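S.K.: kindly return the folded structure for what I paste below:
(one chain, ligands or ions: 1)
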Amino acid sequence: HFTPYLHLANKLAEKGHRVTFLLPTKAKKQLEPLNLFPDSIVLHPITIPHVDGLPAGAETPSDIPITLWKFLIVAIDRTRDQVEVAVRASRPDLILFDYAYWVPEVAKEHGVKSMMYNVISATCIAHDLVPGGGFGVPPPGYPSYKLLFRAHDAHAMSSFSVYYKRFYDRFTTSLTNCDFISVRTCEEIEGMFCDYIGSQYKKNVLLTGPMLPELDRSQPLEDKWNHWLSWFGPGSVVYCALGSQITLENDQFQELCLGMELTGLPFFVALTPPRGAKTIQEALPEGFEERVKGRGVVWVEWVQQPLILAHPSVGCFVSHCGFGSMWESLMSDCQIVLIPYLADQVLNTRLLTDELEVAVEVQREETGWFSKENLSVAVNSVMDKDSEIGSQVRKNHSKLKELVVSPGLLTGYTDKFVETLENLLKVQNFNELL
Ligand SMILES: O=c1ccn([C@@H]2O[C@H](COP(=O)(O)OP(=O)(O)O[C@H]3OC[C@@H](O)[C@H](O)[C@H]3O)[C@@H](O)[C@H]2O)c(=O)[nH]1
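M.R.: All right, here's what the predicted structure looks like:
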């Protein structure tokens, strides 16, 4: 979530504004290289306090499994004093926030406007975070009959169900109490959901566009991977990654590896090791490394995903459809295969498969389990040159990509966003954003 926020901060700084960016200490170190305007953007560290049950050093959801998030939520709430001190010191005109539902209260106390900036999809907000629905059941007037949960999504819902009430309360409080709502999306992809959110919360919904940075050519793809990928023909390699928060069970991890093997195609899998495994070797299926030598890699460290997707040899992206990866897949020329894990990823997946028809989804059983055969069938259905569905999604994807990357569309969104903000706040002295 921090990354799109920092890209937005860069855009604001580019247009002459100053930004104080509050974030946990470790994330500060990771984000520093992305700060393009260190004179205008101050990265201000916040200490995440210790809370019983929260592992030492954990500061963000990606540091811990979903079962421990409840402790992180408590810890974040206990940073309110630090946030108030920072607000008092920097006296901003506007506070952008996404998770700390108490920020609008803090803002009002200091005579500052607040904006909830959402970096999850408008589809997910419209389906799950508008009053009147229930978990998995859309609220009245929800604008789609296609983008819904189905029986085999129960697994994605169950991991999240214990949190739903808490998330729902926080999000709806934030959306209700903030002065402005904004979403990291564009009209062309999620227009009807943005309109719906605006009508339900009776607020204008401002859009920033996807907030993806330009590919940074000064930091090219690591030689090792560039070299490895270059062995294969154009568009032939399948790249698979499931974002920053998913740790698979061992059996599903093995099934994924075997499914990639079964495709018969070259592949590059970037995943965290499965639950309980200390090394990748102990987690891989027996004989797997020998069998796929020279055509397949399973890697458990962070890779430069946008650069991998841009490599000419990569032709297919198997993804969990987290909102960041969703945009990266749309901006790429790869065929898209989706295996969603969390509730919002399921709706993002339906947006790409059922509404936009630019991707295919791996079939799961009702338990949520997917087999190696189903994974391999999905991949081959888009990689096979003679496949009808493959050419259909390729055609739709390339049309959509053309629209989304068309000159002016992305910059147009940010320009309009900043201009609207400036107008909204004109009555005040709009020179610092927090
Ligand atoms: O090895 C890697 C893995 C991931 N990445 C990057 O990490 C980012 C992951 O972001 P995503 O939004 O796709 O995935 P996350 O798992 O972090 O998503 C989280 O926040 C967004 C929500 O939609 C998801 O439900 C939630 O899991 C992408 O920009 C991707 O390029 C790497 O650069 N290297």
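
S.K.: please, where are all the strands along the stretch 251-400 of the chain?
M.R.: 267-270, 296-299, 314-319, 335-338, 359-361 (DSSP state E, counting those that start in this stretch).

S.K.: send me the second one as PDB with only the CA atoms.
M.R.: Okay, so that is strand 296-299. Extracted C-alpha coordinates of strand 296-299, given in PDB (Å, rounded to 0.1, in the frame of the first residue of the first chain):
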ATOM      1  CA  GLY A 296      12.100 -23.800 -14.800                       C
ATOM      2  CA  VAL A 297      13.100 -21.800 -11.800                       C
ATOM      3  CA  VAL A 298      11.400 -21.400  -8.400                       C
ATOM      4  CA  TRP A 299      12.800 -18.400  -6.500                       C
END
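
S.K.: touching the ligand at all, that strand?
M.R.: No. Counting by C-beta under 6 Å from any ligand atom, no contacts exist between strand 296-299 and the ligand, the nearest distance being 8.2 Å. For the C-beta atoms, the positions are set from N, CA and C on the backbone; glycine is no exception.

S.K.: longest helix in the chain, please.
M.R.: If you go by DSSP state H, the chain has its longest helix at helix 154-177.

S.K.: does any bit of that one sit next to the ligand?
M.R.: No. Between helix 154-177 and the ligand, judged by C-beta under 6 Å from any ligand atom, nothing touches; the nearest distance is 9.4 Å.

S.K.: pick out the residue of the stretch 51-200 of the chain closest to the ligand.
M.R.: Here the stretch 51-200 of the chain gets closest to the ligand at one residue, I120, 5.1 Å apart by C-beta to the nearest ligand atom.

S.K.: since we're on that residue, how many residues are nearby?
M.R.: 23 (other C-beta atoms under 10 Å).

S.K.: so it sits against F323, correct?
M.R.: Yes. Between I120 and F323 there is a contact at 5.4 Å, judged by C-beta atoms under 8 Å.

S.K.: joint contacts of these two?
M.R.: The contact sets of I120 and F323 overlap at D344 (C-beta atoms under 8 Å, 6 or more residues apart in numbering).

S.K.: can I get the strands of the stretch 251-400 of the chain in JSON lines including mean neighbour count?
M.R.: Shown next, in JSON lines, are the strands of the stretch 251-400 of the chain (neighbours: other C-beta atoms under 10 Å):
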{"stretch": "strand 267-270", "mean neighbour count": "22"}
{"stretch": "strand 296-299", "mean neighbour count": "18"}
{"stretch": "strand 314-319", "mean neighbour count": "25"}
{"stretch": "strand 335-338", "mean neighbour count": "25"}
{"stretch": "strand 359-361", "mean neighbour count": "24"}
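
S.K.: can I get these in a markdown table with mean pLDDT?
M.R.: As requested, these are exported to a markdown table (pLDDT from 0 to 100):
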| stretch | mean pLDDT |
| --- | --- |
| strand 267-270 | 97 |
| strand 296-299 | 96 |
| strand 314-319 | 98 |
| strand 335-338 | 98 |
| strand 359-361 | 98 |
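
S.K.: need the ones you listed in CSV with distance to K426, can you?
M.R.: Below are the strands of the stretch 251-400 of the chain laid out as CSV (distance: least, C-beta to C-beta, whole Å):
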stretch, distance to K426
strand 267-270, 46
strand 296-299, 50
strand 314-319, 41
strand 335-338, 42
strand 359-361, 42
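
S.K.: those strands: which one's closest to L242?
M.R.: With C-beta to C-beta, the closest approach to L242 among these belongs to strand 314-319: 7.2 Å.

S.K.: helices and strands around the closest one, which ones?
M.R.: Under the contact definition 3 or more C-beta pairs under 8 Å, 6 or more residues apart in numbering; DSSP states H and E, strand 314-319 sits against strand 237-241, helix 323-331, strand 335-338, helix 372-383.

S.K.: now tell me what touches the longest one from outside.
M.R.: Right, the one you point to is helix 372-383. Contacts to helix 372-383, defined as C-beta under 8 Å, 6+ apart, come from residues 238, 255-256, 258-265, 315-316, 318, 335-337, 339, 360-364, 387, 389-390, 393-394.

S.K.: which parts of it are buried?
M.R.: Buried residues in helix 372-383, counting neighbours by 16 or more other C-beta atoms under 10 Å, are found at 372, 374-383.

S.K.: now do that helix, average pLDDT.
M.R.: Per-residue pLDDT values across helix 372-383 average out to 98.

S.K.: how far is stretch 206-215 from where the chain is centred?
M.R.: In this view, stretch 206-215 has its centroid 12 Å away from the chain centroid, taken as C-alpha atoms, centre = their mean, to the nearest Å.

S.K.: would you check that I339 makes contact with A241?
M.R.: No. With contact defined as C-beta under 8 Å, I339 and A241 do not form a contacting pair (10.8 Å).

S.K.: which neighbours do those two share?
M.R.: Both I339 and A241 are contacted by 318-320, under the criterion C-beta under 8 Å, 6+ apart.
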